[in-house]
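**Student:** Give me the fold of what follows.
(2 chains)
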There are 2 protein chains.
Amino acid sequence: MSIHISNVMKKGIKKTIGVLSMLFLFSCLGDPPASMSTTSYDTTKPDKVFYWKMTTTWPPNFPVVGEVAEKYSEWVDEMSNGQIKIKVYGGGELVPPLEAFDAVSQGTIEMGCGASYYWAGKTPAAQFFAAVPFGMNSQQITSWIEVGGGYELWRKTYAKFNLVPFLGGNTGVQMGGWFNREINSIDDFKGLKMRLPGIGGKVLEKAGGAAVLVAGSEVYTSLERGVIDATEWIGPYHDYKMGFHKIAKYYYTPGWHEPGTQLEFFINKNLYDGLPKHLQGVLDAASKRAQTWVLAEFDKQNGIYLDKLVNEEGVEIREFSQETLEALRLHTDEALKEMIGDDPLSKEVYESYSKFQKKISPWSEVTEKAYYNKIQK
Amino acid sequence: MSIHISNVMKKGIKKTIGVLSMLFLFSCLGDPPASMSTTSYDTTKPDKVFYWKMTTTWPPNFPVVGEVAEKYSEWVDEMSNGQIKIKVYGGGELVPPLEAFDAVSQGTIEMGCGASYYWAGKTPAAQFFAAVPFGMNSQQITSWIEVGGGYELWRKTYAKFNLVPFLGGNTGVQMGGWFNREINSIDDFKGLKMRLPGIGGKVLEKAGGAAVLVAGSEVYTSLERGVIDATEWIGPYHDYKMGFHKIAKYYYTPGWHEPGTQLEFFINKNLYDGLPKHLQGVLDAASKRAQTWVLAEFDKQNGIYLDKLVNEEGVEIREFSQETLEALRLHTDEALKEMIGDDPLSKEVYESYSKFQKKISPWSEVTEKAYYNKIQK
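**Tutor:** Model prediction:
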């Protein structure tokens, strides 16, 4: 998954300055206007209510990942007994999607919601907290972040930008994308024009293809008109809504480029550090609630929409051959080396990530893999 | 995993009445003694502080599942800003482990922590919210409970007992157990004396084996002395601590009898329903935090201890053959039919469970399964 600036968002950008100044009136982290206070404590010194904005990197109300931002806001409001009120804005409504990181870093906006690989340009170490081609899946990366040292490194990586990161859900293994030609070997990537952003795109180029940048809103038309031969998106639920099955023949698995994309919330560090301990705890726990809900919802909806695609729309699911995947794996190793370069933080994070992956994989092998191969019908 | 009453717990039971009467002095849900109040609001009508007890079905401080009970208590204390204080007791400290359900149902104790299959004797429908042989794994059952209608059915099932259930972590796929003889076919279960409680035990008996009830504290000695030929426990982390590798030759996978055991918290329904909304939200979110942490910790530790078992202790990991598993699957279908019998609620729950499993499995097949087979090295 990688969702980029749509036309709607571009229009949104133009409104940004106006909207921002309007919103400034309601801004945050001070004593609220008396009429907006919802605390029920009848005290001489009322508990402060925090009015925050969250900017997401997705279009407004985007299924699952946009929905969870709204849910997070409701959960935090409820748990904090109205002490933190977060208004959620879609990408482009306040700032362009990919400016969320900077806006929250600077404190213009209190918090954001996205995926850390969007910020690889800021610091290459960021990408390991989202998705790495041929990396860990959702269950594994959650373990690394939660108890394997990943979270501490994530905090360290973001602290340089005055941000605190939080888990924000995981997509699970994504699909490999929609193709207008069969991919039988690595050679079939030669000359292939594919919308495949991020490290995946770099890998494609090493395989002789062309990674084409296409805004989300223009992917369908580009594929239909042959501007691109293939595109990745997310999984059956989102892909069905995009209508790719009407114009592309082959739907490939697995999504080697995103084997379990970890999503995130991030909060301005000064604001977060200044919060009372119980409100910090509320924000932490709401992110775990998101972590549980997002993958659950993705899996449920993808199950329903895979069935529709295959049994109602006649879509053929194809598997990349092992040889193709091994060739892509080699290109990935190269691409990662280049991206990490001489950045000591990236090296530290990648080392922790790889070490954890090596330790957890044999365990996954004898349990989850055995489950899928021998238990699941 | 099934952890039963140990000797330590039995001693605990004897102390129960005394301990209970002592604790009654501090009991719950009323205005707290002034000296114990931790609310910082200087108000005329202070917010009520709830003093609760949680009884677990595991020994005190049992790794992961006991630890998470303590964590839950800390999280709730923090998030509620001291409004809910939960003191955690190991199984047997207040009531015997398997009396937790009744004690919380009756309101003697405010909340408990366990796994719902322990209560199959109360209502057979309960088992589907924990583990079903050949059923869903952790990722799938979480989706069913969270967004697939499972949670509503779980609440309905527990409401009859004046309880509200919550997610409390998942173990992931468990191991198939320790055996003193090779299991090459279903016939090798004939005459096998194995500690295998629950539905698994019933399946074993259908295969001609003997399911032997052995308390947790006595499993090691029973296996050493040949009272039993085999035992299941949990996974490498807990099994290593039990020392089974010193006395059993073969360590089998996968744990067909527990492919992703869902753990739980449960709260007395009258108490929960009477809580302010924000505290209900805090308890909900703390359970999601537990859901994330428990599987993460199991996976991390199991990865470490699998490595120790294989590379330091020379344990052989064996896989049950597909034929053996298919025979066990048939016996499981029979055992489930018998257990559900004519109970309409069990039928309703099982139908929802099975329907969800059928919808999500093809999706798992093209993604997670493909991940383990083709992406993971």
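**Student:** quick one: contacts for A:Lys87?
**Tutor:** A:51-54, A:73 (C-beta atoms under 8 Å, 6 or more residues apart in numbering or on different chains). C-beta coordinates here come from the backbone N, C-alpha and C atoms, glycine included.
**Student:** mind listing which of these are in helices?
**Tutor:** Among the contacts of A:Lys87, the members found in helices (DSSP state H) are A:Ser73.
**Student:** Pairing partners for the residue nearest to A:Gly107 when sequence neighbours are not counted in the sheet, please.
**Tutor:** Leaving out its chain neighbours, the residue that sits closest to A:Gly107 by C-beta to C-beta, 6 or more residues apart in numbering or on different chains is A:Asn268, at 4.9 Å. Applying DSSP bridges to A:Asn268 yields these beta-bridge partners: A:Leu163.
**Student:** For chain B, see how far away A:Asn268 is.
**Tutor:** A:Asn268 sits 21 Å away from chain B when distances are taken as C-beta to the nearest C-beta, to the nearest Å.
**Student:** Hmm, A:Ser222 is touching A:Ile228, no?
**Tutor:** Yes. With the criterion set as C-beta atoms under 8 Å, A:Ser222 and A:Ile228 qualify as a contacting pair; they are 4.9 Å apart.
**Student:** shared neighbours, these two?
**Tutor:** Once C-beta under 8 Å, 6+ apart is applied, the residues that A:Ser222 and A:Ile228 both contact turn out to be A:195, A:212, A:214.
**Student:** Using pLDDT, spot the least trustworthy of those.
**Tutor:** Ranked by pLDDT, the shared contacts of A:Ser222 and A:Ile228 bottom out at A:Val214, which scores 88.
**Student:** Contacts only, for it.
**Tutor:** A:Val214 is in contact with A:4, A:195, A:222, A:227-228, A:231, counting by C-beta under 8 Å, 6+ apart.
**Student:** in a strand, that's where it is, yeah?
**Tutor:** No. Residue assignment for A:Val214, taken from DSSP: H, G, I helix; E, B strand; the rest coil, gives coil, which places it outside any strand.
**Student:** Now for the closest residue in space to A:Gln322 that isn't next to it in sequence: which residues touch it?
**Tutor:** On the basis of C-beta to C-beta, 6+ apart, the spatially nearest residue to A:Gln322 that is not a chain neighbour turns out to be B:Lys374, at 6.0 Å. Contacts were defined as C-beta under 8 Å, 6+ apart; by that measure B:Lys374 touches A:254, A:256, A:319-320, A:322, A:325.
**Student:** nearest to chain B, of the residues you listed?
**Tutor:** Looking at the contacts of B:Lys374 and their distance to chain B, the nearest is A:Pro254, at 3.9 Å (C-beta to the nearest C-beta).
**Student:** And the host helix or strand of A:His331, what's buried?
**Tutor:** Assessed by DSSP states H and E, A:His331 sits inside helix A:322-340. Neighbour counts over helix A:322-340 (16 or more other C-beta atoms under 10 Å in any protein chain shown) mark A:324-325, A:327-329, A:331-332, A:335-336, A:339-340 as buried.
**Student:** when you check chain B, which of those residues turn up near it?
**Tutor:** Taking C-beta under 8 Å from any C-beta of the partner chain as the test, chain B is in contact with A:Leu325 out of the buried residues of helix A:322-340.
**Student:** which among the buried residues of helix A:322-340 gets closest to chain B?
**Tutor:** Compare each of the buried residues of helix A:322-340 with chain B using C-beta to the nearest C-beta and the shortest gap goes to A:Leu325, at 5.5 Å.
**Student:** Quick check, that closest one in contact with A:Trp256.
**Tutor:** Yes. With contact defined as C-beta under 8 Å, A:Leu325 counts as touching A:Trp256 (5.8 Å).
**Student:** Now list whatever residues contact both of these two.
**Tutor:** B:374-375.
**Student:** Determine the longest helix present in chain A.
**Tutor:** helix A:277-307.
**Student:** What is the subsequent helix or strand relative to that helix?
**Tutor:** Once helix A:277-307 ends, the next helix or strand along the chain (criterion: DSSP H and E) is strand A:316-319.
**Student:** Can you give the strand pairings for that next one, parallel or anti for each?
**Tutor:** Here strand A:316-319 is paired, per DSSP bridges, with strand A:250-253 (parallel).
**Student:** Off-centre distance for the partner strand?
**Tutor:** Averaging C-alpha coordinates over strand A:250-253 and over its chain gives two centres that are 21 Å apart (C-alpha atoms, centre = their mean, to the nearest Å).
**Student:** what's the spacing between the spatially closest residue to A:Asp187 that is not a sequence neighbour and chain B?
**Tutor:** When the adjacent residues along the chain are set aside, A:Asp187 lies closest to A:Gly208, with 7.9 Å between them (C-beta to C-beta, 6+ apart). According to C-beta to the nearest C-beta, A:Gly208 stands 21 Å off from chain B.
**Student:** Hmm, A:Lys190 and A:Gly208 touching each other?
**Tutor:** Yes. Under the criterion of C-beta under 8 Å, A:Gly208 is in contact with A:Lys190, at a separation of 3.8 Å.
**Student:** Which ones among the contacts of A:Val214 map onto helices?
**Tutor:** Among those, the members found in helices (DSSP H) are A:Ser222.
**Student:** from the contacts of A:Val214, which two are the most distant?
**Tutor:** When the contacts of A:Val214 are compared pair by pair using C-beta to C-beta, the farthest-apart members prove to be A:His4 and A:Val227, with a separation of 15.3 Å.
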